[in-house]
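1. The following block contains a protein sequence and its predicted model.
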Amino acid sequence: MKADGVSGLFWLATGLIGIYGSVTLGIGAAHDPGSGFLPFFSSIFISVMALTIFIQSFLAKGQRNLSSLWHGKFWKRPIAMIIILVIYILVFTCVGFLISSFLFMLTILKYVEELSWRRAVLISALSSGLSYSLFKVFLKVELPAGLLGI
Amino acid sequence: MDFFSNLIGGLSVAVQPANLLYCFVGVFVGTLIGVLPGIGPAGTMAILLPFTYGISPEASVIMLAGIYYGAMYGGSTTSILVNIPGEAASVVTTLDGYQMALQGRAGPALGIAAFGSFIAGTLSIVGLQALSPYLVSVALRFGPAEYFSLMILGLIMLSYLAQKSILKALMMAGVGVLLGTIGQDPMTGGARFTFGIPELLDGIGIVPLVIGIFGISEVLMHGEKPADQRSVITRVSHLFPTRRDWVASKWAIIRGGVLGFILGILPGGGAILASFVSYAVEKRISKTPERFGHGAIEGVAAPESANNAAAGSAFIPMLTLGIPANPIMAILLGALMIHGIAPGPLLMKEQPNLFWGVITSMYIGNIMLLVLNLPLIGLWVKLLRVPHTILFPLILLFCIIGTYAENKSLVDVALMLFFGGFGYVMRKFGYEPAPLVLAFVMGPILENALRQALIISDGSFHIFFSRPISAACLVIAAVLLVSSFIPFLKRKRELVVEEVEG
């Protein structure tokens, strides 16, 4: 399927959900616009644009296929980064900033950027330590203390 | 007389040691992130926004503004020496800047970029200072109808100038407005689209949205590309352009400065647009256009002057009307609002120290930048050797810290990650993020203006067409929209984009 066809469908669904939500909120009247007034019109706008993009994907020449968007790219790397980021956020408060940031940097540097163990450990320790000093000690940002209690 | 008394008043604020320090931090960080690819001024300003809570509003805006115009200087260094734009407004500088560097003229290219930036940037601040009082008096006559129409014009202009599909840019603007309505209804206080999440009652924060869309998604985009093998040109000498270089560049600097100033004021305009248009203009009027793309010094002077002039003049609509001209100004607007200051026509009168202090600090910031970017150029060249494999994970780490620091909320961090992934996928599908961010910030102001105007007019949409400024904005917006779908004009617009892209 064409990439624009897929994105058009996605936005059409978003627009329709927006219209439903706005109607539920209450559109009001022109002399007394309700909570759903602007969301309603922006959702209609989104739906019309989405429909046009969807139809255009069949009519216009030179449209790209969905698979071509990731052709020749290292598509696994962004996915790996997102998964690592999700895990990092999940353990951020309970494990604490220092340990979780060290492990986050280590995992990305070792497994996504494929650095040697020595460099990965060194850079992770330096970056988590320095950012801890800068943000927590110097800028007084409250970062989670976690297991180490600092 | 007013001009000088304002200058002196502003100077007394700008030269306070703390403000000087924050100005330096701003321009230093701006140059740093301008030099380093992967994160632009918008993402950086959003990361640093939470750290400005504890300092005075003057100092925080002086610092954030410094990041913006500092990035305009720094961006050219990477464009010239590595052929990768450090930030979006320096994309066109790569065309001739890198060619000059390959010919052994990296020094004059960097020199003319810095001098051009300084001259145009300073002229732009003079213009900002001289014009602001007049624009404030015009702005005082603005009612909700004018505000609404001007914002619509801004959003359509930004979409019209999108490098890719206008339809997709308009769509992003619509999505931005819808996202901006999440949270409490400003008039009734009722919850909208919060899905039962209490943290969403205050709406989506600008920090997680901007850091996600401009920070995380940028790193993800870089992550999927193969490692860049292009060589960094590290030998830089003869930074002072020769007399011949000056003769070739002087008009390019002036034209770039004037064009940049005008395009920066326009809602939806800004530094990126200014750099592209000024390059296209120089190429069009040159007697030897074939030199462009092969190391023409005007091709460096014009866009670098234009982007700095635009960075200065973009403050005009934000400071006088309270309407951000581009996403970066939207973050500055957020910074002011955090301090309980509502920018608009009354700002100059109610907060003269802030208003004139910020403007005057830009003169000082420009001088600092000239020093940072000429004698200290070696420092930035060394920074270019930092491998991306280390840089990008570090940016991710800073994105997390910046978002968490704002509210100590993991919901914000999760939102940031969501917008990062969303931004990445949207970019892959050819949707540009800038209209979304601008519409998101304008959304609540737009909604208030629309509802107030309709209540005033008792539900008649005639109010938007019966008031001259409002009608003019809507007519221009309609002309832009219609022209973008007429085949002949559509082709013309595409030709301009192609011409600029070389």
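-> Okay, I see it. Numbers count the residues shown, from 1 in each chain, chains lettered A, B, ... in the order given.
2. Any stretches of chain B with poor pLDDT?
-> B:1, B:163, B:227-234, B:269, B:487-502 (pLDDT under 70).
3. Can you name the residue of it nearest to chain A?
-> Among the residues of chain B, B:Gly459 lies closest to chain A, at 3.0 Å counting by C-beta to the nearest C-beta. No exception for glycine: its C-beta is placed from N, CA and C like everyone else's.
4. Neighbours of A:Leu106, how many?
-> For A:Leu106, the neighbour count with other C-beta atoms under 10 Å in any protein chain shown is 20.
5. ok, the residue nearest to the spatial centre of chain A to B:Gly299 distance?
-> For chain A, A:Ile82 is the residue whose C-alpha lies nearest the centre (C-alpha atoms, centre = their mean; 8.1 Å). Going from A:Ile82 to B:Gly299 by C-beta to C-beta, to the nearest Å gives 39 Å.
6. The residue nearest to the centre of chain A - nearest residue in space that isn't next to it in sequence?
-> Spatially, and ignoring its direct neighbours in sequence, A:Ile82 is nearest to B:Gly421 (5.7 Å; C-beta to C-beta, 6 or more residues apart in numbering or on different chains).
7. Burial check on the one you found, number of neighbours?
-> Burial of B:Gly421 is recorded as 20 neighbouring residues (other C-beta under 10 Å).
8. got the contact list for it?
-> By C-beta atoms under 8 Å, 6 or more residues apart in numbering or on different chains, B:Gly421 lies in contact with A:Ile82, B:Gly212, B:Ile216, B:Ser217, B:Leu220.
9. how near is it to A:Ile83?
-> Going from B:Gly421 to A:Ile83 by C-beta to C-beta gives 11 Å.
10. Same check on B:Ile463?
-> According to C-beta to C-beta, B:Ile463 and A:Ile83 sit 52 Å apart.
11. Please say which of those two ends up with more neighbours.
-> B:Ile463 (20 against 12).
12. wait, isn't that one in contact with B:Leu450?
-> No. Using C-beta atoms under 8 Å, B:Ile463 makes no contact with B:Leu450, being 10.3 Å away.
13. Flag every residue of the stretch 101-250 of chain B that's near chain A.
-> Residues of the stretch 101-250 of chain B found near chain A (C-beta under 8 Å from any C-beta of the partner chain) are B:165, B:167-168, B:170-171, B:174-175, B:177-178, B:181, B:185, B:187-188, B:190, B:192-193, B:216, B:219-221, B:223-226.
14. Now, of the residues you listed, which are buried?
-> The neighbour-count test (16 or more other C-beta atoms under 10 Å in any protein chain shown) marks B:165, B:167-168, B:170-171, B:174-175, B:177-178, B:181, B:185, B:192-193, B:216, B:219-221, B:223-224 as buried among those.
15. Strands - which of those residues land there?
-> Members of these lying in strands (criterion: DSSP state E): B:Arg192.
16. Show the end-to-end separation of stretch B:40-60, please.
-> 18 Å (C-alpha to C-alpha, to the nearest Å).
17. And it, what's buried?
-> Across stretch B:40-60, burial judged by 16+ other C-beta under 10 Å covers B:40-52, B:56-60.
18. cool, and stretch B:245-255?
-> By neighbour count with 16+ other C-beta under 10 Å, stretch B:245-255 contains the buried residues B:Asp245, B:Trp246, B:Ala248, B:Ser249, B:Ala252, B:Ile253, B:Ile254, B:Arg255.
19. Between all of those residues, which two are at the greatest distance?
-> Spanning the widest gap among the buried residues of stretch B:245-255 are B:Asp245 and B:Arg255, at 16.3 Å by C-beta to C-beta.
20. Could you pull out the strands in the chain for me?
-> In the absence of a named chain, chain A is used. A:28-29, A:32-33.
21. Chain B is the one I meant
-> Along chain B, the stretches classed as strands by DSSP E are B:183-184, B:191-192.
22. Centre-most residue in chain B?
-> B:Ile328 (4.4 Å).
23. Would you check that it makes contact with B:Ala42?
-> Yes. Using C-beta under 8 Å, B:Ile328 makes contact with B:Ala42 at a distance of 5.2 Å.
24. Can you list which of the buried ones among the residues of the stretch 101-250 of chain B next to chain A are found in helices?
-> Those of these mapping onto helices are B:Leu167, B:Lys168, B:Leu170, B:Met171, B:Gly174, B:Val175, B:Val177, B:Leu178, B:Val219, B:Leu220, B:Met221, B:Gly223, per DSSP state H.
25. For the first one, which residues are in contact?
-> Taking C-beta under 8 Å, 6+ apart, we find B:Leu167 in contact with A:Met49, A:Thr52, A:Ile53, A:Gln56.
26. For the first one, which non-adjacent residue is spatially closest?
-> The shortest distance from A:Met49 to any residue other than its chain neighbours is 4.2 Å, reached at B:Met171 (C-beta to C-beta, 6+ apart).
27. try the third one
-> The shortest distance from A:Ile53 to any non-neighbouring residue, by C-beta to C-beta, 6+ apart, is to A:Gly8 (4.0 Å).
28. now the second one
-> Using C-beta to C-beta, 6+ apart and skipping the chain neighbours, the partner closest in space to A:Thr52 is B:Leu167 (6.0 Å).
29. Can you report how many residues neighbour the residue nearest to B:Leu131 when sequence neighbours are not counted?
-> Leaving aside its chain neighbours, B:Leu131 sits nearest to B:Ile316 (6.5 Å; criterion: C-beta to C-beta, 6+ apart). Neighbourhood size, B:Ile316 [other C-beta under 10 Å]: 24.
30. Run a quick neighbour tally on B:Phe240.
-> B:Phe240 has 12 neighbours, counted by other C-beta under 10 Å.
31. I'd like to know how far the residue in chain A that chain B sits nearest to sits from B:Leu454.
-> Nearest to chain B, among the residues of chain A, is A:His31, at 3.0 Å (C-beta to the nearest C-beta). From A:His31 across to B:Leu454, the span is 7 Å (C-beta to C-beta).
32. Tell me which of the two has more neighbours.
-> Counted by other C-beta under 10 Å, A:His31 and B:Leu454 do not tie: B:Leu454 has more neighbours, with 24 against 12.
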